[in-house]
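S.K.: Could you look at this predicted model? Sequence included:
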Amino acid sequence: MFVVDTNLLLYAVNRDAPEHERALALIEAWRRGERSWFVTWSIVYEFLRVSTHPSIFPDPLDLEAAQRWITVLLEGRRSGILVATDRHAAVLEQVVALHPRLRGNLVHDLHIATLMKEHGVLEIRTADADFHQFDFLRVVNPLAGS
């Protein structure tokens, strides 16, 4: 089981990104594969924000197309969305105790890491090195060396 981070989703839809072909091929392989994989709602909303933003995304999608892409992505039999349970506050407290200096933009990563710990999903596939600070996670950059 693993989580796919926003940056890989964005590379997969951004034809101008040098990582586009590799990221799209990886996501298609994961969709067809046998391992369970997940996103979080915060990853979905970050994808929607960036992929539709004309100042960030070179050829922005309209919101309907971006949402449709996510819907199709999640139709795979092994994909899902991690959501908070009644244990979320307690898990958040544990993770914050381990990382009391987190702040600002890293709180987004804190949310993802907390959901992952809560559900026992301890691998994240991402090109974002910030996740290395969560030593309970296995951070895999599937684009490294490509």
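M.R.: Arrived safely, thanks for sending.
S.K.: Only C-alpha atoms from now on, for both contacts and neighbour counts.
M.R.: Fine.
S.K.: any idea which helix or strand carries D86?
M.R.: Take DSSP states H and E as the rule and D86 turns out to sit in neither a helix nor a strand.
S.K.: burial count for it?
M.R.: As a burial measure, D86 scores 8 neighbours (other C-alpha atoms under 10 Å).
S.K.: per-residue confidence at it?
M.R.: In the prediction, the pLDDT value recorded for D86 is 98.
S.K.: Identify each buried residue in stretch 91-103, please.
M.R.: 91-92, 95 (16 or more other C-alpha atoms under 10 Å).
S.K.: nope, stretch 58-76 is what I was after
M.R.: 60-61, 66-67, 73-74, 76.
S.K.: What of stretch 124-135?
M.R.: By neighbour count, with 16+ other C-alpha under 10 Å as the criterion, the buried positions of stretch 124-135 are 124-128, 131, 134.
S.K.: quick revisit: tell me which of the buried residues of stretch 91-103 fall in strands.
M.R.: The subset of those located in strands under the criterion DSSP state E is empty.
S.K.: just to revisit the earlier point, adding distance to A25, secondary structure and pLDDT, write the buried residues of stretch 124-135 out as CSV.
M.R.: Below are those laid out as CSV (distance: C-alpha to C-alpha, whole Å; DSSP: H, G, I helix; E, B strand; the rest coil; pLDDT from 0 to 100):
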residue, distance to A25, secondary structure, pLDDT
I124, 17, strand, 98
R125, 14, strand, 98
T126, 15, coil, 97
A127, 15, coil, 95
D128, 19, coil, 92
F131, 23, helix, 96
F134, 28, coil, 95
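S.K.: Good, we can wrap up now.
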